[in-house]
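>>> Okay, here's the prediction I keep looking at, along with the sequence it came from:
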Amino acid sequence: MNGREQLLALLFDEELTPGARNAVVHCLRIRPEEKITLITDWACREIAAALARELESRGLLFHAWILEDLAPRPLTDMPREVLDDMESSQVSIFAVRAQTNELRTRMQMTDVVNRRQMRHAHMVNIDRRIMLEGMRADFDEVDRISTQVWRMASAARE
């Protein structure tokens with residue numbers, strides 16, 4: 001079973017759904033024609049399952065990768081399959097618990113993101129509490145307030 005199939009088959013707490021919806025709809029603003037690369041690990045698989053279900057429910061094309069299925073952790077390099085998949089995606093989601101000495105792998109991934117100018121959700125160390133609290137924020141309102149603060153601050157002299 002590939003990563004996508006594993007995540008779509010996994011039962012998860014439905015309380016994670018509003019946060020997953022916010023990530024897909026409001027934060028990443030994924031469009032129907034876009035392809036997504038979803039990268040996760042065993043520690044974050046329930047959250048990734050909620051994200052996968054949200055992508056699937058919207059009919060979005062995505063591939064999912066569970067890092068431990070590809071190589072032992074901590075990783076020395078981001079698996080080639082993941083990087084290759086990112087090369088044909090417009091959006092990537094990285095929902096993983098950080099491990100010691102894996103900075104190089106994240107740098108390899110962000111090199112692709114930056115070079116291709118992809119939208120990317122870097123959800124390192126995402127956990128249940130963040131999904132139930134922070135990811136449920138009204139991101140349109142957060143954006144409106146942030147823009148208002150930026151306008152006020154950029155006009156200030158002191």
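Alright, I've got the coordinates. Numbering: from 1, shown residues only.

>>> all strands for the protein, in order.
Defined through DSSP state E, the strands belonging to the chain, from first to last, are 35-40, 61-66, 91-95, 119-122.

>>> now these in JSON lines, with mean pLDDT?
Putting these into JSON lines (pLDDT from 0 to 100) gives the following:
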{"stretch": "strand 35-40", "mean pLDDT": "98"}
{"stretch": "strand 61-66", "mean pLDDT": "98"}
{"stretch": "strand 91-95", "mean pLDDT": "98"}
{"stretch": "strand 119-122", "mean pLDDT": "98"}
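
>>> what residues are up against the spatially most central residue of the chain?
If you average the C-alpha coordinates of the chain and look for the closest C-alpha using C-alpha atoms, centre = their mean, you land on residue 93, 2.4 Å from that point. For residue 93, the set of contacting residues under the criterion of C-beta atoms under 8 Å, 6 or more residues apart in numbering consists of 23, 28, 36-39, 48, 51, 120-121, 123. In this view, the C-beta of every residue, glycine as well, is placed from N, C-alpha and C.

>>> Neighbour count added to the residues you listed, as JSON lines?
Conversion of those to JSON lines gives the following (neighbours: other C-beta atoms under 10 Å):
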{"residue": "23", "neighbour count": "24"}
{"residue": "28", "neighbour count": "19"}
{"residue": "36", "neighbour count": "25"}
{"residue": "37", "neighbour count": "26"}
{"residue": "38", "neighbour count": "25"}
{"residue": "39", "neighbour count": "27"}
{"residue": "48", "neighbour count": "31"}
{"residue": "51", "neighbour count": "31"}
{"residue": "120", "neighbour count": "20"}
{"residue": "121", "neighbour count": "19"}
{"residue": "123", "neighbour count": "22"}
